[in-house]
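Trainee: Coordinates for the following, if possible.
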Amino acid sequence: MKRSLTNRNRIRLFSALFALVTASMILACQIQYPAHITIFEGENLTLTSPTAYSMSAPAAMGGMLTEDGTLETDVFQKSANNECHMTVKLFGLVPVRTVTVHIEPKTELIACGNTVGIKIFSKGLVCVGTQEIVATDGSRQNLGRTADIRPGDILLSANDVTLTDTEELSHLIANSNGSTIHFTISRSGQQIEKKLTPLQTKDGYKLGIWLRDSTAGIGTLTFYNPDTKAFGALGHPIADRDTGTTIPVLEGSLLPAGVIGITKGAKGEPGELKGIFKTGQKPLGVISKNTDQGVFGTLHHEMNVTHFYPVASSAQIKEGPATILSNINGDMVEEFDIEIQKASPFYTGEQKDMILHVTDPKLLEKTGGIVQGMSGSPVLQNGKIVGAVTHVFVNDPTRGYGIFIENMLKEVG
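Mentor: Numbers count the residues shown, from 1 in each chain. Below is the predicted model:
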């Protein structure tokens, strides 16, 4: 009797362990394979390795999937909607995931690497802080704090008048005669309404709110499309330096610039390229978007570069040798050796899709690795443009993050 109970318990234990392992594998599959993958015409896509997972494709698709999981895109790239649906099966039997593969037309871009000036006027006024002000009666008030206006808030309008610069709002406050002003504010993507009544001080009416309406700096131009003149730069957003708020673009300019010096990076001390705008020259183009994937817009005329590279989807990027194009002296673009130490081809972390390691002796000698101002330097591998540099590791300037070019291109269509 006892032996029978023991066997039954063993069966229960085995069943529970089997269910747990199966559930874990199904969850791992959901993490490993996204619902959507993008590749370009002519690419092969390997989705499987020697694991318990297998891929299958519906026969009606008319494509071909090899035994090792390689998807031969040239077989079905002309199929309806330029996409197909793949099924991931556990042990080749249990469907656990459907993956939609989108096939985009083969794309070629000009990889740049040029240092450029970036100037943006914000769509609204960015609050960078509030302060206590002293009224004519001697009382002290922090109107912004009382009204819950926070650093990083974007003041879009005042009394239904769109705000475009700080002087405009200063004039409105100075002539308010103490009347309440109605503000529309953007906070974390949500619009909220606020009311503030200017306080009379010995210097006139004041609100005690510090605001910023523009920003400027240097970065690196990643690519442009000679057919559409669309460009992408930086690989990360331009944020307000005090609040970290991504600045919405009212209007912006891409300007000629050059490197006049370098602060070499060291552990705990990120370096930087010291650049200067080339005054007296016409803008290179207009900036229309500032997003998590970078700064984008349209060039007025073509750059003096002719390096055409096919675009690689994230699934084609491999860990191993690569190069970057960067401008660390004057206006000369050079190619430097790096290593892609890690790439997450399907699940990405915004501007942190790759971990890059600088191996080029010349670049290490000049800059110590990756420095501020190199954001946007195009990453090349196997004759294709695969991404751009975005960040430097503060504790190790020889390493940094990169973004997939595929993700940047989503912002320019």
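Trainee: Residue 395: neighbouring residues, count only.
Mentor: Residues near residue 395, counting by other CB atoms under 10 Å, number 10. Every C-beta, even on glycine, is put in place using the N, C-alpha and C of the backbone.
Trainee: right, and it touches residue 266 too?
Mentor: No - with contacts counted by CB atoms under 8 Å, residue 395 stays clear of residue 266, the gap being 10.0 Å.
Trainee: Below-threshold pLDDT in the stretch 301-413 of the chain: ranges please.
Mentor: The model of the stretch 301-413 of the chain has pLDDT under 70 over residues 305-306, 345-351.
Trainee: Now with 80, please.
Mentor: Applying pLDDT under 80 to the stretch 301-413 of the chain flags the ranges 301-307, 344-351, 413.
Trainee: which residues in it form strands?
Mentor: 308-310, 320-329, 332-343, 354-358, 378-381, 384-393, 396-404 (DSSP state E, counting those that start in this stretch).
Trainee: Each with direction, which strands does the first one pair with?
Mentor: By that I understand strand 308-310. Counting by DSSP bridges, the strands paired with strand 308-310 are strand 108-111 (antiparallel).
Trainee: Could you list the residues in contact with the partner strand?
Mentor: Strand 108-111 is contacted from outside by 222-226, 303, 305-311, 325, 378, 380, 385, 405, using CB atoms under 8 Å, 6 or more residues apart in numbering.
Trainee: okay, the strands of the stretch 301-413 of the chain in a markdown table with distance to residue 41 next?
Mentor: Below are the strands of the stretch 301-413 of the chain laid out as a markdown table (distance: least, CB to CB, whole Å):
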| stretch | distance to residue 41 |
| --- | --- |
| strand 308-310 | 10 |
| strand 320-329 | 23 |
| strand 332-343 | 22 |
| strand 354-358 | 23 |
| strand 378-381 | 19 |
| strand 384-393 | 13 |
| strand 396-404 | 18 |
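Trainee: Neighbour count says what about the contacts of strand 108-111? Which are buried?
Mentor: 222-225, 303, 305, 307, 309-311, 325, 378, 380, 385, 405 (16 or more other CB atoms under 10 Å).
Trainee: Quick one: closest of the strands of the stretch 301-413 of the chain to residue 273.
Mentor: Closest to residue 273 of those, according to CB to CB: strand 320-329, at 6.5 Å.
Trainee: Okay, domains of this structure per the record?
Mentor: Following automatic domain parsing, the chain resolves into domains at 30-104, 108-113+308-409, 115-119+215-259+273-299, 132-207.
Trainee: how about those domains in a markdown table, adding distance to residue 14?
Mentor: Below are the domains of the chain laid out as a markdown table (distance: least, CB to CB, whole Å):
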| stretch | distance to residue 14 |
| --- | --- |
| domain 30-104 | 17 |
| domain 108-113+308-409 | 33 |
| domain 115-119+215-259+273-299 | 47 |
| domain 132-207 | 50 |
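Trainee: And the strands in the stretch 1-150 of the chain, which stretches?
Mentor: Under DSSP E, counting those that start in this stretch, the stretch 1-150 of the chain gives strands at 36-40, 44-46, 53-56, 70-72, 83-90, 94-104, 108-111, 115-130, 133-134, 140-141.
Trainee: Which of those sits closest to residue 204?
Mentor: With CB to CB as the criterion, residue 204 lies closest to strand 133-134 of the strands of the stretch 1-150 of the chain, at 11.0 Å.
Trainee: which strands and helices sit next to the closest one?
Mentor: strand 140-141, strand 199-201 (3 or more CB pairs under 8 Å, 6 or more residues apart in numbering; DSSP states H and E).
Trainee: Name every strand pairing with it and say which way it goes.
Mentor: If you go by DSSP bridges, strand 133-134 pairs up with strand 140-141 (antiparallel).
Trainee: just to revisit the earlier point, for the helices and strands packed on strand 133-134, give me a markdown table that also has mean pLDDT and distance to residue 190.
Mentor: Converted to a markdown table, the helices and strands packed on strand 133-134 look like this (pLDDT from 0 to 100; distance: least, CB to CB, whole Å):
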| stretch | mean pLDDT | distance to residue 190 |
| --- | --- | --- |
| strand 140-141 | 92 | 27 |
| strand 199-201 | 92 | 28 |
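Trainee: and among those, the most buried is which?
Mentor: Compared across these, strand 199-201 shows the largest average neighbour count, a mean of 16 (mean count of other CB atoms under 10 Å).
Trainee: Tell me the buried residues in the following helix or strand past it?
Mentor: Next along the chain after strand 199-201, taking DSSP states H and E as the criterion, comes strand 204-206. Neighbour-count burial for strand 204-206 flags 205, 206 (criterion: 16+ other CB under 10 Å).
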